[in-house]
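Colleague: I would like to see how this sequence folds:
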Amino acid sequence: MALEEFENDKESNREKSRWQVRSVTNYIMGGLMIIAGCFFMFPIKYTERVVESYDPVMIKLFAVICWIYGAFRIYRGYNKNV
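Modeller: Model (predicted):
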């Protein structure tokens, strides 16, 4: 009986660390997507040439989609739902 309890406890620590890694990954990916959306919505000197070669409406739409997906990833990391 004691061995089974030890294995279950070890498994819960493993699951806890897995959830923490996934949560941090969701935070980082969400932040990167929001930053990418900002670069597309408000291009800087280096990205201005690339952004101007595409349709402005599609670029703005893509930036909004990046923001929404980034917010979703941060929310998912907060809620720990994978």
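
Colleague: and the helices in this structure?
Modeller: 2-41, 48-52, 56-79 (DSSP state H).

Colleague: quick one: the shortest one to chain centroid distance?
Modeller: Relative to its chain's centre, helix 48-52 lies at 25 Å (CA atoms, centre = their mean, to the nearest Å).

Colleague: report the buried residues of that helix.
Modeller: Val51 (16 or more other CB atoms under 10 Å). Yep, even glycine has a C-beta here, placed from its N, CA and C like the rest.

Colleague: so what does it touch, helix or strand wise?
Modeller: Helix 48-52 sits against no helix or strand, with contacts defined as 3 or more CB pairs under 8 Å, 6 or more residues apart in numbering; DSSP states H and E.

Colleague: could I get the helices of the chain as a markdown table with mean pLDDT?
Modeller: Listed next are these as a markdown table, based on pLDDT from 0 to 100:
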| stretch | mean pLDDT |
| --- | --- |
| helix 2-41 | 82 |
| helix 48-52 | 85 |
| helix 56-79 | 94 |
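
Colleague: tell me the contacts of Cys38?
Modeller: Cys38 sits next to Ala63 when contact means CB atoms under 8 Å, 6 or more residues apart in numbering.

Colleague: can you dump the C-alpha atoms of stretch 62-75 in PDB for me?
Modeller: Provided in PDB are the C-alpha atoms of stretch 62-75 (Å, rounded to 0.1, in the frame of the first residue of the first chain):
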ATOM      1  CA  PHE A  62      -3.900  39.400 -39.500                       C
ATOM      2  CA  ALA A  63      -2.700  41.700 -36.600                       C
ATOM      3  CA  VAL A  64      -6.100  41.400 -34.900                       C
ATOM      4  CA  ILE A  65      -6.100  37.600 -35.300                       C
ATOM      5  CA  CYS A  66      -2.600  37.600 -33.700                       C
ATOM      6  CA  TRP A  67      -3.900  39.600 -30.800                       C
ATOM      7  CA  ILE A  68      -6.900  37.400 -30.300                       C
ATOM      8  CA  TYR A  69      -4.900  34.200 -30.400                       C
ATOM      9  CA  GLY A  70      -2.200  35.700 -28.100                       C
ATOM     10  CA  ALA A  71      -4.900  36.700 -25.600                       C
ATOM     11  CA  PHE A  72      -6.300  33.200 -25.900                       C
ATOM     12  CA  ARG A  73      -2.900  31.600 -25.200                       C
ATOM     13  CA  ILE A  74      -2.400  33.800 -22.100                       C
ATOM     14  CA  TYR A  75      -5.900  32.900 -20.900                       C
END
